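For reference, the sequence and a predicted model appear below.
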Amino acid sequence: MKLPRRFFQPLATGAPAPFRELPVRLERMIHFVPPHNDKVRARVPELAGTVDVVLGNLEDAVPADQKEAARKGFVAMAQATDFAATGTGLWTRINALNSPWILDDLFTIVAEVGDKLDVVMVPKVEGPWDIHYIDQLLAQLEARHGVTKPILVHAILETAEGVANVDAIASASPRMHGMSLGPADLAASRGMKTTRVGGGHPDYRVIADPAGDAPRASAQQDLWHYTIAKMVDACMANGIKAFYGPFGDFSDGAACEAQFRNAFLMGCAGAWTLHPSQVAIAKRVFAPDPAEVAFAARIVEAMPDGTGAVMLDGKMQDDATWKQAKVIVDLAKLVAAKDPELAAVYKLG
Ligand SMILES: CC(=O)SCCNC(=O)CCNC(=O)[C@H](O)C(C)(C)COP(=O)(O)OP(=O)(O)OC[C@H]1O[C@@H](n2cnc3c(N)ncnc32)[C@H](O)[C@@H]1OP(=O)(O)O
Ligand SMILES: O=CC(=O)O
Ligand SMILES: [Mg+2]
């Protein structure tokens, strides 16, 4: 382990100093774009104003013979659009550390558009050693190409070993932005018996005890509850952000919304959107409910210094509920700053 005073030192001469605190940004959805697809890429300038993050995906879902086209497409789309002008994040998902493409991904992208890139998403992270490797390499590339803003790292939690090491991954570097659950790769890595990309499974359920001949009630359970909870704790304990990942059944908006909402309530900041139909779902879910915001604002107002105990509508409020209320009010303010419609509904000063 590094000594605390060395943790924030740049890892290469000439590389920018790491952030001490993460930039505060609204990231309700990380929208995946296949950069080798000319038609979709052409829509990016228009898309950029409608999502919080545009991610050019170079990894899974890009065929092996299109990896180079995807990398070139990403550079072209990064150069063609001023993402910062609309407050939209620009991310890329690079190929895995053991793949033949990773070096060209990073070498090309940092050289060509390193100053425009906010976050590199790293797939199949197994432990802190993977983050240390990327951290060092990014610092060298930032220094070589004169990048002045540190490029952040986002890990996908999608292997059994990664889940076992989740705390160490979250605390591996000041470059860590956050983590996303990768339910498809994780299911494979764990030997789970499902072919779905996220969401539930009709056979994963609990059943009521028998009561004579009466039909036994049963209910589907959330396959991802344990992992999301573990990921949220690891992330929040280290001051970084947790995200739900992909939901693959584009035809089932209700199930996508339920999965996103569970993640939101558990502490996640956002989710991936793979298809335009999922963007509205993410916007709906990852902004607090107006009635909840109104009640939270009353709590904050009733306890101006955040201490003591008061009653509101028959419910006890104290220092702890004040902190809960602050989470909701702060998020609502962040959303309101970007979304005039919700700003009008929230009516926060
Ligand atoms: C497990 C994991 O790793 S998940 C992450 C990896 N997967 C991905 O990144 C997938 C990203 N999504 C995609 O590539 C596409 O949505 C696909 C290939 C899955 C499906 O695309 P299509 O067959 O074109 O879907 P569909 O016909 O419903 O699309 C409707 C429209 O939305 C467009 N569209 C589809 N996906 C996207 C997207 N991610 N961003 C922007 N536009 C999109 C289509 O081009 C189409 O446009 P059109 O009406 O002008 O023809
Ligand atoms: O990369 C995402 C996943 O679910 O796998
Ligand atoms: Mg994956």
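Nice, I can see it. Ligands and ions are numbered 1, 2, ... in the order given.

Please count neighbours and contacts with C-alpha atoms only from this point.
Fine.

Tell me how far the helix or strand harbouring Ala291 lies from the chain's centre.
Element membership for Ala291, per DSSP states H and E: helix 290-302. Centre-to-centre, helix 290-302 and its host chain are 26 Å apart (CA atoms, centre = their mean, to the nearest Å).

Can you tell me what sits against the following helix or strand past that helix?
As assigned by DSSP H and E, the chain's next helix or strand after helix 290-302 is strand 309-312. Applying CA atoms under 8 Å, 6 or more residues apart in numbering, the set of residues contacting strand 309-312 from outside is Ile299, Ala302, Met303, Met316, Gln317, Asp318, Asp319.

and the closest residue to Ser277 other than its chain neighbours, how many neighbours?
Of all residues not flanking Ser277 in the chain, Phe250 sits nearest, at 7.4 Å (CA to CA, 6 or more residues apart in numbering). Taking other CA atoms under 10 Å as the criterion, the count of residues near Phe250 is 15.

And for the one 3 residues further on?
Gly253 sits with 14 neighbouring residues when counted by other CA under 10 Å.

Give me the domain ranges for the chain.
Domain assignment for the chain by the TED database gives 2-285, 289-344.

Check those for me and report the most buried one.
domain 2-285 (a mean of 18; mean count of other CA atoms under 10 Å).

Would you mind measuring the gap between the ends of that domain?
Terminal residues of domain 2-285 are spaced 39 Å apart (CA to CA, to the nearest Å).

Is that domain in proximity to ligand 2?
Yes - Domain 2-285 reaches ligand 2 (CA under 6 Å from any ligand atom) through Glu158, Gly182, Pro183, Ala184, Asp185, Pro246.

For the fifth one, which non-adjacent residue is spatially closest?
In this case it means Asp185. Glu158 (5.3 Å).

can you list the weak-confidence ranges in this protein?
Counting by pLDDT under 70, the chain shows no low-confidence range.

How about the residues of it by ligand 1?
Phe32, Val33, Pro34, Val40, Asn57, Asp60, Ala61, Ala184, Pro246, Leu274, His275, Pro276.

one more time with 8 Å, if that's ok
31-34, 39-41, 43-44, 47, 57, 59-62, 182-185, 197, 245-248, 250, 273-277 (CA under 8 Å from any ligand atom).

Please look at Val329 and Phe295 and confirm they touch.
No - with contact defined as CA atoms under 8 Å, Val329 does not count as touching Phe295 (9.5 Å).

Not counting sequence-adjacent ones, nearest residue to the residue positioned nearest the centre of the chain?
By CA atoms, centre = their mean, the chain has its centre lying nearest to Phe243, at 3.5 Å. Nearest residue to Phe243 in three dimensions, chain neighbours excluded: Ser180, at 4.5 Å (CA to CA, 6+ apart).

Surely that neighbour is in a helix?
No - read with DSSP: H, G, I helix; E, B strand; the rest coil, Ser180 is strand and lies in no helix.

starting at the chain centroid, how far to the helix or strand Gly162 falls within?
If you go by DSSP H and E, Gly162 is part of helix 160-164. How far helix 160-164 lies from its chain's middle: 18 Å, per CA atoms, centre = their mean.

So what touches it?
Here helix 160-164 makes contact (CA under 8 Å, 6+ apart) with Lys124, Val125, Glu126, Gly127, Leu157, Ile169, Leu186, Ser189, Arg190, Thr227, Met231.

same thing but 10 Å
Defining contact as CA atoms under 10 Å, 6 or more residues apart in numbering, one finds that helix 160-164 is touched by 124-128, 155-157, 166, 168-169, 181, 185-191, 227, 230-231.

Let me see the contact set for Val53.
Applying CA under 10 Å, 6+ apart to Val53 gives the contacts 25-32, 47, 83, 87-91, 118-119, 272-273.

Without its sequence neighbours, what residue ends up closest to it?
Gly89 is the one closest to Val53 (CA to CA, 6+ apart), at 4.3 Å.

Now do the one you found against ligand 2, distance only.
Per CA to the nearest ligand atom, to the nearest Å, Gly89 is found 19 Å from ligand 2.

correct me, but that residue touches Glu27?
Yes - Gly89 is within contact range of Glu27, at 8.1 Å (criterion: CA atoms under 10 Å).

any common contacting residues for those two?
With CA under 10 Å, 6+ apart, Gly89 and Glu27 have common neighbours Val51, Asp52, Val53.
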